[in-house]
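have a look; sequence and predicted model below, questions after that.
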Amino acid sequence: MKYEKIRKQVLDAILEAVDLGLINGTSGNIAIRDDEDEVVAITPSGIAYKTMKAEDIAIVDMNGKWIDGPFKPSSEAPMHTAVLRARKDINATVHTHGMFATIAAMSGELVPTTPPQSEFYPINIVPFTMPGSSDLANIVVDTLGESGRVVLMKNHGMFCCGKNIKAAMAATIYTEEMAQTQYYAKVAGVFAPMPKEGIQKMQELIAADQAV
């Protein structure tokens, strides 16, 4: 099987996302860039993730063109590959329709409430743009900028990225946790986000690999 390593990484990550409740059915998608060749492994379109095998994972070029695999790639391949082209520091991307991140996108804000969440702040929100379109790909790239790790998409979900799949999944998990905490805290009337100076100090510790 060609590109076995990244295909297995995509499969493991998508199954983890399903188990964590971040992805339901065939919604959401994950992509990983190959270490050597300029190709990307990405979840296929319309295939139930729980029954998927590594060889079912699609392979596309850096422009999203389908080049290997029995099933066509996710319709969101343009968004994933656009970010991977724009950001050489990024090698893995995750898109989910997580309930609480989707709610946060509609509410217009998402801010950290615990120190580990600080790593992914600020989290900007883009207006609804048709899924799978070049317009969405371009606006996500622009909104992430040179260092962003997470973007919320109104009425759509979130898009996260990282230097590897572990980092991209961490961004996904903590963003959904952040959104869930914010939602319930607001319902309870006790919402109190971290102060900006605390967020900045945590980001400095994380950058220096000194976070507890």
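Nice, I can see it. Numbering: from 1, shown residues only.

list of residues touching stretch 4-17?
For stretch 4-17, the external contacting residues (C-beta atoms under 8 Å, 6 or more residues apart in numbering) are 1, 23, 28-35, 40-43, 49-50, 52-55, 57, 59, 92, 94, 96, 165, 168-169, 172. From N, CA and C alone the C-beta is placed, and that goes for glycine too.

rerun at 6 Å
23, 30, 32, 34, 41, 43, 49, 54, 57, 165, 169 (C-beta atoms under 6 Å, 6 or more residues apart in numbering).

please name the nearest non-neighbouring residue to the first one.
Read that as residue 23. Using C-beta to C-beta, 6 or more residues apart in numbering and skipping the chain neighbours, the partner closest in space to residue 23 is residue 17 (4.4 Å).

a helix runs through the one you found, doesn't it?
Yes - under DSSP: H, G, I helix; E, B strand; the rest coil, residue 17 sits within a helix.

output the below-cut-off pLDDT ranges for the protein.
210-212 (pLDDT under 70).

all strands for it, in order.
Using DSSP state E, the strands of the chain run over residues 29-33, 39-42, 58-61, 66-68, 92-96, 124-126, 150-153, 157-162.

residue 80 is nearest to which of those?
Residue 80 sits nearest to strand 29-33 of all the strands of the chain, at 3.9 Å, using C-beta to C-beta.

check which helices and strands the closest one is in contact with.
Counting contacts by 3 or more C-beta pairs under 6 Å, 6 or more residues apart in numbering; DSSP states H and E, strand 29-33 packs against helix 4-19, strand 39-42, strand 92-96.

now distance to residue 113 too, for those, in JSON lines please.
Listed next are those as JSON lines, based on distance: least, C-beta to C-beta, whole Å:
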{"stretch": "helix 4-19", "distance to residue 113": "22"}
{"stretch": "strand 39-42", "distance to residue 113": "32"}
{"stretch": "strand 92-96", "distance to residue 113": "20"}
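
same list (the ones you listed) but as TSV, adding mean neighbour count.
TSV is the format used below for those (neighbours: other C-beta atoms under 10 Å):
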stretch	mean neighbour count
helix 4-19	19
strand 39-42	26
strand 92-96	28
